[in-house]
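Student: okay, predicted coordinates and the sequence, questions at the end:
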Amino acid sequence: MARSAALPGWLYVLFLTLLATATDEFIIAGVLREIAGDLSVSVSAAGQLVTVFAVVYALGAPTLALVFARFPRRPVMVAGLAVFVLANVAAALSPGYASLLAARIAAALAAAVVTAAAFTMVAMRAPEGQQGRYLGVATAGMTAALFTGVPLGTWLGGALGWRATFWLLAAVGTLAVIGLLTTAPSVPGGPSTPLRERLAPLRRVAVLRLVAVTFLAGSGGLMFYTYLSAYVAEAASGSGTLLSVVLLVVGLAGLAGALLAGRAADAFGPRRSLRVVIGGHALTLLLAAAFGFSGMDGTAAPAVLVVLIAFWSVFAWALNPPIQGSIMAAAGPEAAMPALALNISGLYLGTGVAGAVGGIVIATADIRFVPLAGGALMLLSFLLTLAPEHTPSSDRVRVRPPGGRTRTRTHGTASTEQSV
């Protein structure tokens, strides 16, 4: 298939699917006060609805991926999305805080299963030489949630009440279910093997090292994103208008970064692309720290800041395609779904660490040290990507198109074969 060939419809359905699951994680942040007032709880208690979702997602992703790894991906995704829809309907109808919390837990577990299965389907059904491109499009769905789904849900919650945000997610999830039923390709599950054998690929040093890369990259990059508004206010005397411009730039540049990273992973291999992405991310964070300490002011400061944030966003949201391609190569198809789920857990745990460490940095120093601390974590992540690669025979994956013959796929220097 030529590189310029049109993308299949099912890939856009997965874009919509990941847009919905990613939006569900953050959407409550925009309606915390409304929820707190309606359910007669504190704002901090309402905020735990976000924390619980993230923690349950992070812990549930690898566990449930092991449970469902041997099942075909399409029915797993359809069933997971159906639970996701019902959980959001339950959230919209929740009479109290406890029932809303339970609905959030159910939605997080469903989203964890769906996300891992979606990325596995993308990686295993992408044509040879286009895995990165396909992963980039799927990843863009998660990125788009930053500047489409979350703001739209927040606006809708303000206009029609916080329950409307969950009805929106249920509606989008329903559309995704219909799309999967009508367009998604068949991707078989893994072999029915004892749990010990299914866990074996997850104990490979290469897989665990890549999960550590994701954890450190998530901690460093999301630390800066978490406190971005405070940084803009301090570094460039940012007004509300400047912050709005910066957030728009983050979304657009991040979307471009996800798509470009997919193309780069196909052209240069996921491991080489991963080093470029992590290295570029570290560099832009250190430049942001330098800008904060420079004391630059005047009319040029906001423009310089916006350009700097744009470059940072490209690298920050370019991580998923090369890291997922690398994980697939290291784990092989027999452990693809659990390995990708473990990687997602690394990212979510990094998100939690980012907020905590960033808060400590601000409390002990000031906001200008946040990108510096984030850059230090990114440098550690980059050092891990420099570890020698190995290609044991157990990491080889057979690529067998439906009705076709087996072929070997090579990602960078790591030879893989993928069973579809």
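Tutor: Now that the structure is in, tell me what you want to look at. Here the structure is a predicted model, which means the values were calculated and not measured. Numbering: from 1, shown residues only.
Student: how close does the closest residue to Gly136 other than its chain neighbours get to Ala256?
Tutor: Take Gly136 and drop its neighbours on the chain: the residue closest to it by C-beta to C-beta, 6 or more residues apart in numbering is Gly262, 2.0 Å away. C-beta: built from backbone N, CA, C; applies to glycine. From Gly262 across to Ala256, the span is 11 Å (C-beta to C-beta, to the nearest Å).
Student: equivalent analysis for Ala144, please.
Tutor: 11 Å.
Student: what does Ala87 give?
Tutor: Taken as C-beta to C-beta, the span from Ala87 to Ala256 is 32 Å.
Student: more neighbours: which of the two?
Tutor: More crowded of Ala87 and Ala256, by other C-beta atoms under 10 Å: Ala87, with 25 against 17.
Student: residues touching that one, list them.
Tutor: Contact analysis of Ala87 by C-beta atoms under 8 Å, 6 or more residues apart in numbering lists 103-104, 106-107, 110.
Student: and with 7 Å instead?
Tutor: With contact set as C-beta atoms under 7 Å, 6 or more residues apart in numbering, Ala87 has these partners: 103, 106-107, 110.
Student: for it, which three-state class applies?
Tutor: Of the three states, Ala87 takes helix under DSSP: H, G, I helix; E, B strand; the rest coil.
Student: any idea how far Gly141 is from it?
Tutor: Applying C-beta to C-beta, the value for Ala87 to Gly141 is 19 Å.
Student: likewise Phe315?
Tutor: Taking C-beta to C-beta as the measure, Phe315 falls 19 Å from Gly141.
Student: still on that earlier bit, filter the contacts of Ala87 down to just the ones in strands.
Tutor: Counting by DSSP state E, none of the members of the contacts of Ala87 fall within strands.
Student: buried subset of those?
Tutor: 103, 106-107, 110 (16 or more other C-beta atoms under 10 Å).
Student: what about Val232, neighbour count?
Tutor: Residues near Val232, counting by other C-beta under 10 Å, number 22.
Student: check which helices and strands the helix or strand harbouring it is in contact with.
Tutor: Assigned by DSSP states H and E, Val232 belongs to helix 228-235. On a contact count with 3 or more C-beta pairs under 7 Å, 6 or more residues apart in numbering; DSSP states H and E, helix 228-235 meets helix 240-268, helix 270-294.
Student: about what we covered before: of all the contacts of Ala87, which comes closest to Leu285?
Tutor: Ala107 (32.0 Å; C-beta to C-beta).
Student: which residue is the nearest non-sequential neighbour of that closest one?
Tutor: Excluding the flanking residues, the one nearest Ala107 by C-beta to C-beta, 6+ apart is Ala87, at 3.8 Å.
Student: distance-wise, check the spatially closest residue to Ala235 that is not a sequence neighbour relative to Ala82.
Tutor: Distance criterion C-beta to C-beta, 6+ apart; nearest residue to Ala235, sequence neighbours excluded, is Gly292 at 4.4 Å. Using C-beta to C-beta, Gly292 is found at 47 Å from Ala82.
Student: kindly report the same for Ala256.
Tutor: In this view, Ala256 and Ala82 are 33 Å apart by C-beta to C-beta.
Student: again, but for Trp317
Tutor: 29 Å.
Student: the two: who's more crowded?
Tutor: More crowded of Trp317 and Ala82, by other C-beta under 10 Å: Trp317, with 28 against 15.
Student: how about the more buried one, nearest residue that isn't a chain neighbour?
Tutor: Spatially, and ignoring its direct neighbours in sequence, Trp317 is nearest to Gly254 (3.4 Å; C-beta to C-beta, 6+ apart).
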